[in-house]
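Visitor: task: produce atomic coordinates for the following.
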Amino acid sequence: MLKFYLAALGLCVFSGSLQAQKTVKFDYQTSQARLLDVNPTTYVKPLVAELVVDTSNGRIRDKWELTAAELAARVIPGDDNATVRNLRSYAVFKSSEKHNCDVVVAATFDVRITESGAQISIVGYPANFANWSSSKIADYDWIMIEKGEIPLPKQSQSEDDKKDEQKKGGTPPKKK
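Guide: Take a look at the predicted model:
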């Protein structure tokens, strides 16, 4: 009788383990050929624009409230400075959307984070880009300086500044 119980127990364990096993079948294929890299040789001439600041209504003063959940979605874990930059960017976006402007010039911020969320105050002037045009050779030095690719020239004066000074009755440019 003991042999019968042991055999039955062994049969139950064996059949249970058969049911628990699962066969997973998958196919995997990879192929590789030599690739010729495609490097486009398209160059775009830099685009320049004027920034027109709207001072007619004075400074904008906006406050943007975020709930705890909205704040949590904008937090950069382990980097408080990045979180504050993210919140400032959000405020600039919301204010430029509200005032229909491209940029908020001379913006100052007050960011308050609490357990219930955050409040971001932004103060600045709305501004829009105007007079878009392709850059001219005279713009290239300025563009390179902005990109940090060439050092600032020592006491240089642009041709436009020299012309403006001449119109105002300033000293004529020195001949080389």
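
Visitor: just checking: what are the partner strands of the lengthiest strand in the chain?
Guide: Using DSSP state E, we find that the single longest strand of the chain is strand 117-134. According to DSSP bridges, strand 117-134 forms sheet pairs with strand 47-53 (antiparallel), strand 60-67 (antiparallel), strand 103-114 (antiparallel).

Visitor: so what pLDDT did the residue nearest to residue 67 when sequence neighbours are not counted get?
Guide: Closest residue to residue 67 apart from its sequence neighbours, by C-beta to C-beta, 6 or more residues apart in numbering: residue 117 at 4.6 Å. C-beta coordinates here come from the backbone N, C-alpha and C atoms, glycine included. Listed pLDDT for residue 117 reads 92.

Visitor: residue 140 now?
Guide: 81.

Visitor: also the one 10 residues further on?
Guide: Reported pLDDT at residue 150 in the predicted model: 72.

Visitor: please report how far it lies from residue 135.
Guide: Distance, residue 150 to residue 135, by C-beta to C-beta, to the nearest Å: 15 Å.

Visitor: quick one on the thing from earlier: reformat the strands paired with strand 117-134 as TSV; add distance to residue 82, mean pLDDT and mean neighbour count.
Guide: Below are these laid out as TSV (distance: least, C-beta to C-beta, whole Å; pLDDT from 0 to 100; neighbours: other C-beta atoms under 10 Å):
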stretch	distance to residue 82	mean pLDDT	mean neighbour count
strand 47-53	27	91	13
strand 60-67	16	96	14
strand 103-114	13	93	14
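
Visitor: before we move on, the earlier item: in the longest strand of the chain, what counts as buried?
Guide: 118-120, 122, 124-128 (16 or more other C-beta atoms under 10 Å).

Visitor: check stretch 134-154 too.
Guide: Under 16+ other C-beta under 10 Å, the buried positions of stretch 134-154 are residue 139.

Visitor: try stretch 75-88
Guide: 83-84, 87.

Visitor: quick revisit: how about the contacts made by the residue nearest to residue 67?
Guide: Shown in contact with residue 117 (C-beta atoms under 8 Å, 6 or more residues apart in numbering): 65-68, 70-71.

Visitor: also residue 88?
Guide: 107, 109, 111, 120, 122.

Visitor: repeat that with 6 Å
Guide: residue 109 (C-beta atoms under 6 Å, 6 or more residues apart in numbering).
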